[in-house]
Each structure stands twice: as C-alpha cells, then as structure tokens.
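**Q** Give me a 3D structure for the following:
(2 chains)
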There are 2 protein chains.
Amino acid sequence: MLTNKPKEISKDGSFKRQKNRFTTPFGNKQEELVVEPGKYRLLWSPACPWAHRAVIVRKLLGLDQVISLGTASPMRPNIGRVDWAFTLDENNQDPELSIEYVSEVYFNADSNYEGRPTVPVMVDLQTKQAVNNDYFNLTNYFETVWAPHHKENAPNLYPEHLQDKIDQMNESNFHTINNGVYKCGFAHSQEAYEEAFDQLFARLDELEAHLAENRFLMGDYITDADVRLYTTLARFDAAYYNGFNTNRNLIREYTNLWSYARDLYQTPGFGDTTDFESIKKHYHVSVTINPDKTATSILPKGPDLEVWDQPHGREKLSDQQDKFLR
Amino acid sequence: MLTNKPKEISKDGSFKRQKNRFTTPFGNKQEELVVEPGKYRLLWSPACPWAHRAVIVRKLLGLDQVISLGTASPMRPNIGRVDWAFTLDENNQDPELSIEYVSEVYFNADSNYEGRPTVPVMVDLQTKQAVNNDYFNLTNYFETVWAPHHKENAPNLYPEHLQDKIDQMNESNFHTINNGVYKCGFAHSQEAYEEAFDQLFARLDELEAHLAENRFLMGDYITDADVRLYTTLARFDAAYYNGFNTNRNLIREYTNLWSYARDLYQTPGFGDTTDFESIKKHYHVSVTINPDKTATSILPKGPDLEVWDQPHGREKLSDQQDKFLR
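**A** Alright, predicted model coming up:
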C-alpha cells in the first residue's frame, strides 16, 4: 500500500501531469520573451522525452549556434526532493550558470516555486532565472519566432498550411502516447492503468495504419509532429515497455512504426541526440516521481539497440529526395 | 542499498538456489519411497516453473489418476515469511490435507526445517509429511519407477537409449535457462546479472539453431527435456522479460524457439496446465524472495497471449504422425 500519494496522482489513481509554471511566449510583443541570440541557455537531460524534443528541433534548425545547452544527469540526485543535477559537469556545476541543480533557476525566478523543476527549461543567462518551461509550445517558438536565427536552408518543421493539422496530431498524440506512457507507468490504480494502456495501443495501432501510406506523419516531410512522436518511440522498447508496463507490444514488433522510427533515428538531429544509455539509467535505475519504483541497482542489459541502424526501406513511400521541406 | 541480504545471495551478488531437503528417491528398495497409487498428493502453484514440470508429466502419463493435486495460490501470503498459501480453496485450506500453507508439510516432516518451503512437493497423505521436493528428479521418477501406473498407451518421455542425452540437455538448460532467468532476476550485483544474462541468451541462441532442424529437443518426439524447457519459455515473455530483466529478446521474436513453444503449448498437457494469469500475478504483483521487488499493485495488461494459438507449422520437421514415442 502507498503511504505518500504524490501530488500528481488524482483520487481515482490516475496520473495528472502538473501544469507548466513559466509559459510566457517568445515573440516580438512587449510582454513576450525577447528573441535574442546568446541570451538563453536550454537545460535538458538526455533521459527526458519533453526536453529531447527541444534539443532535436534546436539542432535541425541550427539554433545550437544561438541558444546554448546545459545537460543534467539522467540520475535523479538523492537529496530528498525531485530534481535534476549537473553531476556530469566538472565540480557538479553547470559551467555557464554555476548551479548544481535545475531547481535553482526555478527558485531564482520564483522563490515560492512548489512544482517539480522540469526540463526543458529556457534560462536567461544574465538573471539565471527560468523564463520558459512550456515544453508543449517551446518547439513551435523555435520553429516560428526564432526563424530569423535559423541556419541557412533550415527545414520548415511547422509550415503555415499544415499548422492546424500538426497541432491536432500533437494534441492527440500527447494525451494517448507522449503522456500516455506516463499515465501507464505512474497510475496508482489498475483501472487508471488499463484505461491509459488501451488508449495508448489504440492510438499506436491507428498510427501504424497511417504510416503504411505516409512516410512521415504529415506525408513526405518531417515536421514538428514527427519530432514529438519520435522521442516517445525511442524510449519505448528500452524503457517504457518494462519500466512503465506498456507491454502489449514492443515498437520493434510493429512493421511501419518501427521502420518509421528508424527512418527518423537515422536522420541527423535525431539519432545523434538519442542517448539510450542515459534513457535506460533514468527509467530503470534512478528513482522517479513514483515512490513504488525503487532503485534496484541493476541496469537491464537489453534490449539490443543495434537494430536501430537496420535499413528502414521507407524511401519508396515518398517521391521527394529530401526528407525536409525547406 | 539492500539491508537484508537473503540467504540465497552469495558474496558476489549472484543467486545460489537452495538445495532440496527431501530427496529420497521413489523406487522399490527398502530405503526408497514406495510407489503406490493414492498414497501421495502433489502440491504445486501454477506460477512455479519447477512445479509445472511435474504437473505436465503427471498429466501426459495419466498419473493424475493415482497422484492427487493440491493447488496453492500464485500470490505469496503476507505473513512475514516466504510461503505458498491455499487461498484458492474453501476456508483457505487444502481440502485433502487441511493445511493453510505449504510450509506445514515441511514442518510436519522436519520441525527444524529452515529452508524456503517449495513446490513441487510430494506429500504422504497419511502422515501429511513432505516426502520429496526434488524438482530436478521428480519427473524422472514419474517417467520410470511410476511406469506400472501410467495410463494405457502413455508416451515414453524418458526412453532408455536417450537418457544420457536428455540428462545432458537438462543439466545444461537448467544452469543457463531454467535457473538462469532467476540468476538474472535475483542478482544483487550488475556483474552477476550480466554474466547470467549472457549465458541465458547464448544458450537460447544455440537452441534456436538446434530447433531449426529438430522438431523437438531430442528429434521427432517430445521428451522430458522439452517439458523442462517449455515451462521457462511459457513464462518468459509474460514475466521474466520485464520482471527479471531478461530483455535482450522476447521468445516470440525467435523464429524456431517461438514456433516450438507454440507446438508444445498446443499439445494436451502443456497449454491446458499453463495459467498465464497466475504467472503474471506471481511475478509482477506478488512479493518474491527478492526484497528489491516490492508489490506495485499494478498487474501489467500485456503481453497479448492469443498469439500462443497461432499455427506453428513445425509438422514438416518430422515424418512421424505422433509427437510421442509410445
């Protein structure tokens, strides 16, 4: 029996993810966050799918030249609260911000902050304050108002004529898949778990059918929707299947979802930002926000990850040479 | 960190299964256990692969007419010690022995018994004492000295001319596979876990190749060796893959091991004694002898078990009509 019900578990045992605290958009209006090269640092951990989205888009668009990156360890620190720590850095400090924990930028911005400090978070390098942790919209800011700072010939991940469709796809995939795996893994009742499990696999089955005809979610080109789906698919077999009880099927047992995932993995910006070792460590060995999941000290040796490099054979689904609309 | 190192964990963190306490053979000599219909009750739990062996062989040979069966729950009782309980029976008592726990027949036989009470165990119905818990040899007794009580036209699961080969196969599979999955799941050090993991999958790969040419382990006919391998294969995807970190591959991802397992499952005596629900409950929800594995109260909904009924197509590997030598 559970003694301490975490804040994000509702009465019926289902997981309700906390709202983001810092949601001021980037833009050109007075009240918006100014878009300015060199002003911000993005904090992430390779374990986190929400942060991984932002890191992929940053790289695809060439924003790595104008927004710096701080990397927290996949291992939660053992300090009596949920946090992310810079134990991979010299002296256990982020070299630019001189902080040990991600929580510090949250407290710098709001000394009464009571939520979980999360990544991704954009930090103002001068004030060392968190200015935006709105993972749901952050990639869209990168894709739109940050466009003046994209690299030459950068892909268009969020074309205007597709934005409604992409938004709908993202919204649906968020509830069933991206956050769906967490609803499975963090459920505190069998009913809440099974409902999330059924919704997750129903949606994966739908996308499996969709991807039989479409090389990417929106057709011939990689868009923001693919980035978001990818970060969950990349963690599925290595972490969620056994760590979160999402064990109807492995992703590598699907024909189209699996070749689609490999197609993305083999695209620069995706595979080269995917750190399976960190992902496995975080979900299997590090303690999570679910108190049921205690550290076991054993890191599962599987699954075989070399299969990600197998040919995907999906070129035939598209008559475009380039995977990106530019 | 672990505070209470269980008795069966050695210094290097590896799992060393306890020796069986009651190993007097069945036979015709003065000092052996008398072979007599109606004299014994076999206690098992559908979760346990070692007990499942004995139940399959008992059924294949028709010994269900002469040895009765008591069934303990897959859920370990919460009584501060490791035990098996008859909570599936009326008044939580085995109807023949009037006991609540399997441990009682161990204490009846040895009031100083300090090991884990295990199934399978053969119990003398008159004295209510455990007389044999030697799972490694029990099926061989059923197959040989119990032959006068086999059903008509019973299969020969342990033919004399193959006994050495079967013994070698069983010995090898025991260390790497049957007990190998436990060595993975109960390891208390990363090194011990990885060594067991590598040995397990190396052996499965060997058998995968062997089964490309052979319908069963010894060729055309099902033998004792198949029964022993089957009970581990049947638990692999549903329990060990995620519960014991044996996650390089699922059995259903192998071509030959998977069709071989289905061939056996679809043979009377195998599938009809395989209780996946109990297996899942035991390994995922019930507490085990590994204190790291705490009850989480969530029973994984997967995997899809209907796949066990898919055609296996292995008839072509044998020119025999009957799967059994009789």
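**Q** Neighbours of the closest residue to residue A:38 other than its chain neighbours, how many?
**A** Take residue A:38 and drop its neighbours on the chain: the residue closest to it by C-beta to C-beta, 6 or more residues apart in numbering or on different chains is residue A:66, 6.3 Å away. For glycine as for every other residue, the C-beta is placed from the backbone atoms N, C-alpha and C. The local packing of residue A:66 (other C-beta atoms under 10 Å in any protein chain shown) involves 19 other residues.
**Q** domains in chain A, as residue ranges please.
**A** Domain ranges of chain A: A:40-149, A:160-317, per automatic domain parsing.
**Q** Where among the ones you listed is average confidence lowest?
**A** Confidence, taken as mean pLDDT, is least for domain A:160-317 of those (a mean of 93).
**Q** My guess is residue A:263 contacts residue A:314. True?
**A** Yes: the criterion here is C-beta atoms under 8 Å, and residue A:263 meets it with residue A:314 at 4.8 Å.
**Q** quick one: which of those two has more around it?
**A** Taking other C-beta under 10 Å, residue A:263 and residue A:314 do not tie; residue A:263 has more neighbours (24 against 18).
**Q** List phi and psi for that one.
**A** phi -60, psi -50 (degrees, to the nearest 10).
**Q** Chain neighbours aside, what residue packs nearest to it?
**A** Leaving aside its sequence neighbours, residue A:263 sits nearest to residue A:312 (C-beta to C-beta, 6+ apart; 4.3 Å).
**Q** Would you agree the one you found falls within a strand?
**A** No: using DSSP: H, G, I helix; E, B strand; the rest coil, the secondary structure at residue A:312 is coil, not a strand.
**Q** residues in contact with residue A:167?
**A** Not one residue lies near residue A:167 by C-beta atoms under 8 Å, 6 or more residues apart in numbering or on different chains.
**Q** any idea how far it lies from residue A:260?
**A** Plainly put, residue A:167 is 20 Å away from residue A:260 if you go by C-beta to C-beta, to the nearest Å.
**Q** Tell me the buried residues in stretch A:226-236?
**A** Neighbour counts using 16 or more other C-beta atoms under 10 Å in any protein chain shown place A:226-236 of stretch A:226-236 among the buried residues.
**Q** then it to CSV, C-alphas only?
**A** C-alpha atoms of stretch A:226-236 as CSV (Å, rounded to 0.1, in the frame of the first residue of the first chain):
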residue,chain,number,x,y,z
ASP,A,226,7.4,13.6,-36.0
VAL,A,227,9.8,15.0,-33.5
ARG,A,228,7.3,14.7,-30.7
LEU,A,229,6.3,11.2,-31.6
TYR,A,230,9.9,10.1,-32.1
THR,A,231,11.1,11.0,-28.6
THR,A,232,8.5,8.6,-27.1
LEU,A,233,9.1,5.8,-29.7
ALA,A,234,12.8,6.0,-29.0
ARG,A,235,12.2,5.3,-25.3
PHE,A,236,9.5,2.7,-25.7
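**Q** and it, anywhere near chain B?
**A** No: Stretch A:226-236 does not reach chain B (C-beta under 8 Å from any C-beta of the partner chain); its nearest approach is 12.4 Å.
**Q** Kindly report the residues of chain A close to chain B.
**A** Neighbours of chain B within chain A, by C-beta under 8 Å from any C-beta: A:1-2, A:187-188, A:190, A:193-194, A:197-198, A:241-242, A:245-250, A:253, A:292-294, A:296-304.
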